[in-house]
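> Show me how the following folds:
(2 chains)
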Amino acid sequence: DAKTTQPNSMESNEEEPVHLPCNHSTISGTDYIHWYRQLPSQGPEYVIHGLTSNVNNRMASLAIAEDRKSSTLILHRATLRDAAVYYCILRGANSGGSNYKLTFGKGTLLTVNP
Amino acid sequence: SAVISQKPSRDICQRGTSLTIQCQVDSQVTMMFWYRQQPGQSLTLIATANQGSEATYESGFVIDKFPISRPNLTFSTLTVSNMSPEDSSIYLCSANRDSNTEAFFGQGTRLTVV
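From the prediction side, this is the model:
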């Protein structure tokens, strides 16, 4: 599995934007970039995913570098409820069970200050 | 979206016994997975639960220790056999409809072995 590198932790203030970086220099052409987050005492939840173009949804935006070797998850206005561990994960798009699974790294622990 | 229910949510078990964890999805899904999250750690994939056939185990996990069933497209069980204190972890069930959609996670089963 292609690996991702994320900072261990980041800190933000409430109502400010947060940019969470992820490096994935060995990404293959068919790998999707997925972001999940895990709030305290909960299972992970999906945030966003993309392939080449930037993506927006109600939770966040995903900015993907032109060479796809890095990406940034953007929370436009952090709230206290956004405090969680954020995981950047690469997942293949080909059919077959092995490409459905998610391989979790250590993620980035985001602290949001009031 | 899909809702995943896990039972039990937590348990305290004696060493040497076994515990079966149930995972119920509210709609049919293609793939189901079982993860383990040890205290303070990230998620580690145990196995892919295959409908109608034997589960596919990741390196370091074996069927005798973690037997898995998946009798249909909405239900799976994970058994933690002959438990020791080292098996104390959170066990999470996950499901996917296909490789290009998000994964859903249960809330986890917090297991303590004494």
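
> can you give me the end-to-end distance of stretch A:42-53?
30 Å (CA to CA, to the nearest Å).

> go on, stretch B:66-77?
Distance between the boundary residues of stretch B:66-77 (CA to CA) amounts to 10 Å.

> how about it: buried residues?
Within stretch B:66-77, the residues scored as buried using 16 or more other CB atoms under 10 Å in any protein chain shown are B:66-68, B:70, B:73-77. The C-beta positions use only the backbone N, C-alpha and C, and glycine is treated the same way.

> ok, those residues vs residue B:92, which is closest?
Proximity of the buried residues of stretch B:66-77 to residue B:92, judged by CB to CB, is greatest for residue B:76, which lies at 11.8 Å.

> did I read that right, that closest one in a helix?
No - going by DSSP: H, G, I helix; E, B strand; the rest coil, the assignment for residue B:76 is strand, not a helix.

> how close does it sit to chain A?
In this structure, residue B:76 and chain A are separated by 14 Å, where distance is defined by CB to the nearest CB, to the nearest Å.

> Which residues are in contact with that residue?
With contacts taken as CB atoms under 8 Å, 6 or more residues apart in numbering or on different chains, residue B:76 has the following neighbours: B:22-23, B:32, B:34, B:49, B:68-70, B:93.

> could the buried residues of stretch B:66-77 go into a markdown table alongside distance to residue A:85 and pLDDT?
Written out in a markdown table, the entries for these read as follows (distance: CB to CB, whole Å; pLDDT from 0 to 100):
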| residue | distance to residue A:85 | pLDDT |
| --- | --- | --- |
| B:66 | 24 | 98 |
| B:67 | 30 | 98 |
| B:68 | 26 | 97 |
| B:70 | 28 | 96 |
| B:73 | 30 | 94 |
| B:74 | 28 | 95 |
| B:75 | 29 | 97 |
| B:76 | 25 | 97 |
| B:77 | 27 | 98 |
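
> Tell me the one of those nearest residue A:3?
When the buried residues of stretch B:66-77 are compared for distance to residue A:3 (CB to CB), residue B:66 comes out closest, at 25.3 Å.

> what secondary structure does that closest one sit in?
The three-state label for residue B:66, taken from three-state DSSP, comes out as coil.

> Settle this for me: it is touching residue B:34, isn't it.
Yes - at 7.4 Å, residue B:66 counts as touching residue B:34 under the criterion of CB atoms under 8 Å.

> which neighbours do these two share?
When CB under 8 Å, 6+ apart defines a contact, the residues bordering residue B:66 and residue B:34 alike are B:46-47, B:78.

> And the strands in chain A?
In chain A, strands defined by DSSP state E lie at A:9-13, A:18-23, A:31-38, A:45-50, A:55-56, A:61-64, A:70-75, A:84-92, A:108-113, listed in chain order.

> nearest to chain B, of those strands?
strand A:45-50 (3.5 Å; CB to the nearest CB).

> Which one of the shared contacts of residue B:66 and residue B:34 sits in the busiest neighbourhood?
Highest neighbour count within the shared contacts of residue B:66 and residue B:34, by other CB atoms under 10 Å in any protein chain shown: residue B:78, with 28 neighbours.

> gap between that residue and chain A?
As for residue B:78, its distance to chain A is 14 Å (criterion: CB to the nearest CB).

> measure that residue to residue B:27 for me?
Note on residue B:78: its distance to residue B:27, by CB to CB, to the nearest Å, is 20 Å.

> Any stretches of chain B with poor pLDDT?
For chain B, the stretches with pLDDT under 70 are B:99-100.
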